[in-house]
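**Student:** Here is a sequence together with a model predicted from it:
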Amino acid sequence: MSTDTPPCPPLLRGIRSALGPTLLTQILQSKILLVGSGGIGCELLKNLALSGFRNVDVIDLDTIDVSNLNRQFLFRSQHVGMPKCVVASEAALKMVPPPLPSQEDTMGAKYTPYHGNVCDNSKFNVPYVQKFDLVLNALDNIAARRRVNRLCLAANVPLVEAGTSGYLGQVTVIDKSSNTECYECQPKPTQKVYPICTIRSTPSQPVHCIVWAKEMYKLCFGPNVGDSMLFEDEESLKAEKAAEEEREEGDEGDNGQESNGTAAAAAAATDGQESGEKSTYMDLIVGLRSLLGVDNANEGDEKKVLESGDDAKRKEVLSKAHESLTALFVTEIEKQIGMDRYKTAEKVPVPVSLDDLAKCTTTITGEGEDHLLPPTERKDYAPTQIWSPSDCIQELASCFLDVATSTNQPLPEFDKDDDMAMRFVTAASNLRSYVFQIDPIQSLYSAKGIAGNIIPAIATTNAIVAGLQVLQCFHILKAQLSASSKSDGNGDGAVVETSNLKKTCRYTYCLRDKTRKGYYLQPTTLPDPNPNCFVCRNAIISLTLNTQEWTLDMLLARVIKKELGFQEPTILVGGDIVYEEGEDIDPSEYAINLPKKLVNLPSGGVAHGSVIRIEDYSQDLEVDVNVSHKDVWMMKADDDSGKEKVDDREEIDKFEIGGKKPVAAATAADSSDGAKDNAAQDPAAEEDGDDDIEIIVDDDTPAKDTAAASSNGKKRKPDTEEDGNKAKRQRWTQKT
Ligand SMILES: Nc1ncnc2c1ncn2[C@@H]1O[C@H](COP(=O)(O)OP(=O)(O)OP(=O)(O)O)[C@@H](O)[C@H]1O
Ligand SMILES: [Zn+2]
């Protein structure tokens, strides 16, 4: 970067007075990458432009939605549907103070949009990031943040990371050469944790019913029926039955005492259905999927199951839907009551009335009499209305008809912004709430808030956080400037001084309530890295799973990609490659190993005590994984008995990443109990990959501690720097 001082554009004289001419020159000449041009990103772009930054790349994968217009102020209604990064870059460019007339060409500002996913390694890789003086994150999900974190570490470029959640926000600087904590040094607490048995059989809050309805949506329309935690087939039931028998044997050996006195534990032990017997609705729903064309569709298939005017088919769909809904909301409920499942429950469930269910077959959509239309098609419809049970039935019927007339099969994963998905989830969850007498019944509008786990975005918090990010940019540029001038001062230039951002940059919290000293912003020093972080410290990871049952495919999808965030992994066992992905690599070469059990992999296989090496050149990441074999999973009861209780999740699905993987911030800060740190994972329940997920784990898993810490909504108010560092248990739960 040249240090010639260009003349100052008139509108930047204020900046020059405040920061000095040298830093202004640095600002004018620096190259910045901004990832995300949503809520924070729009604010940031405006700040960058008005501060004089002239060379900015903007990456965003999204297009503008009407719902963005209230706070993403660079967008107007005519921009709806256009790429965010394009519109935002154009708007910001117009705000860049114009150069002096004589400087037109050399001072020309460039705001370059890239409409794409930052995880796309072919475009946004280490050499790309190395071109920048610093990177700014304005993202809303963990996967993308994780990706940028790794790219910046690999490229050794400082990253200004930020997030907001309602009135709370935080900004920090991650810099490899300054030895700061990285984004992944502290694992991210997940937002909600619900016991599986609560969702399946003992719901008590609207949110339990909504989580259930989202699983039901997956069961009815999802790309893979087995992905729904409500799915049952012979095989899974057989395994469940075997597990139960084992449990019973274990209990006998323990004088037959109930391991945990709580009603939830009792329900968990038997869960939703008698072991070995499918729920009454299961086969009907699987049949309905097939009738709707969910299972038999091929990609790009233009054929609809139900053409307009085909009354016979329409009748068939509605009649099958009626049968399934009756099984779901009447027969199965009666069966459970008959089995005394709710003997001790405060409220015994009440099946939906058969009269209401009959509305299913009379539902009409499109033109017709008002009273026969589903609620969302009526003239007076408003998303804040509360639907009666018969409204819910009609809405569900219309969803089934929509799917039958759609060519877009199988449906994508649940998305709160998808109209049909929200209609389905609102109706199904409310019917369940009616059955279990849970208040309040939700409107579509409020159900959407719960289903998407939405904390309303506060434009002011975004603005404050973006302001703080730009202040950090000034500090970084200043430190880079002083480091380069010191290096130059060595005469021969042989020793390159690196900037230490810990001296100048701050981790800053944006608080809702004032600190004792009366401040709403709480700056603290940049934390040191977690020595156990496998991303920035190359720490060894320990992994416990059933090596005789897990296949390489499971390991790859559930642990290596989903948990550890590898993008293009190469997996080595005993020094030999057993799997490889990436550009120029033939995926079929190692495909043969994917279905193999870990113990049967080449080079001696993976068993207790084996070490697997995983490398990812796209992220410049290598890690060793110490594997332990485990096939019986015991868990501690949450009462004081200290007695162990069998974890009743699918044995095969269980794994534990522990020891060397950074522990959850909440438990790390609060507890010295190592057992808590090793929360068993339930990958089946962790389908979604972003911040908005509800993780569903069983009762008594230590993950509960994490959830409590992240969802209690109370944030510590750090008054001193030390307090501020402790408050990091709350970090990174932000949405935006
Ligand atoms: N992997 C990614 N690559 C590029 N851009 C991303 C990626 N993930 C998220 N983004 C972008 O980051 C921005 C985050 O901003 P923000 O959350 O304010 O926007 P939003 O998703 O439109 O808001 P909301 O979710 O509240 O409706 C979005 O514009 C989103 O498109
Ligand atoms: Zn780290």
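**Tutor:** That came in fine, so what should we check first? These numbers were taken from a predicted model, which means no experiment stands behind them. Numbers count the residues shown, from 1 in each chain. Ligands and ions are numbered 1, 2, ... in the order given.
**Student:** and the residue of the chain nearest ligand 1?
**Tutor:** Closest to ligand 1 within the chain is Gly38: 2.1 Å, counting by C-beta to the nearest ligand atom. In this view, the C-beta of every residue, glycine as well, is placed from N, C-alpha and C.
**Student:** which residue packs closest to that residue, ignoring adjacent ones?
**Tutor:** Distances taken as C-beta to C-beta, 6 or more residues apart in numbering put Gln72 closest to Gly38, at 5.9 Å, once the chain neighbours are dropped.
**Student:** just checking, that neighbour touches Gly36?
**Tutor:** No: between Gln72 and Gly36 there is no contact under C-beta atoms under 8 Å: 10.8 Å.
**Student:** what about these two, which has more around it?
**Tutor:** Gly36 (29 against 24; other C-beta atoms under 10 Å).
**Student:** Sticking with Arg145, tell me its helix or strand.
**Tutor:** According to DSSP states H and E, Arg145 maps onto helix 142-155.
**Student:** Any residue of that helix touching ligand 1?
**Tutor:** Yes: contact of helix 142-155 with ligand 1 (C-beta under 6 Å from any ligand atom) involves Ala144.
**Student:** Give me the contact list for the helix or strand just after that helix.
**Tutor:** Proceeding N to C from helix 142-155, the next assigned helix or strand is strand 159-165, under DSSP H and E. Strand 159-165 is contacted from outside by 39-40, 134-139, 145, 148-149, 152, 169-175, 183, 455, 457-458, 461-462, 465-466, 468-469, 472-473, 476, 510, 732-736, using C-beta atoms under 8 Å, 6 or more residues apart in numbering.
**Student:** The same query, at a cut-off of 7 Å, please.
**Tutor:** 40, 134-138, 145, 148-149, 152, 169-174, 183, 455, 461-462, 465, 469, 472-473, 732-736 (C-beta atoms under 7 Å, 6 or more residues apart in numbering).
**Student:** following it, which helix or strand comes up?
**Tutor:** Following strand 159-165 in sequence order, the next helix or strand is strand 168-174 (DSSP H and E).
**Student:** I'd like to know how many residues surround Leu481.
**Tutor:** That count, for Leu481 with other C-beta under 10 Å as the rule, works out to 18.
**Student:** Same question for Val632.
**Tutor:** For Val632, the count of nearby residues is 12 (other C-beta under 10 Å).
**Student:** Start at 16, not 1
**Tutor:** Yes, from this point I'll number from 16; that puts the last item at Val647.
**Student:** Most proximal residue of the stretch 366-515 of the chain with respect to ligand 2?
**Tutor:** Residue nearest to ligand 2 within the stretch 366-515 of the chain (C-beta to the ion): Asn515, separated by 17.6 Å.
**Student:** ok, the residue lying closest to that residue once chain neighbours are set aside - contacts?
**Tutor:** Closest residue in space to Asn515, ignoring its immediate chain neighbours: Ser193 at 5.1 Å, by C-beta to C-beta, 6+ apart. Neighbour list for Ser193: Asn515, Leu516, Lys517 [criterion: C-beta under 7 Å, 6+ apart].
**Student:** try Gln220
**Tutor:** Ile453.
**Student:** can you give me phi and psi for it?
**Tutor:** Main-chain torsions, Gln220, degrees, to the nearest 10: phi -130, psi 150.
**Student:** Give me the pLDDT value at it.
**Tutor:** Per-residue pLDDT puts Gln220 at 91.
**Student:** just the helices in the stretch 16-165 of the chain please.
**Tutor:** Secondary structure of the stretch 16-165 of the chain (DSSP state H, counting those that start in this stretch): helices located at 28-34, 36-44, 54-66, 99-108, 141-144, 157-170.
**Student:** Okay, buried residues for the shortest one please.
**Tutor:** Translated: helix 141-144. By neighbour count on 16 or more other C-beta atoms under 10 Å, the buried set for helix 141-144 is Val141, Tyr143, Val144.
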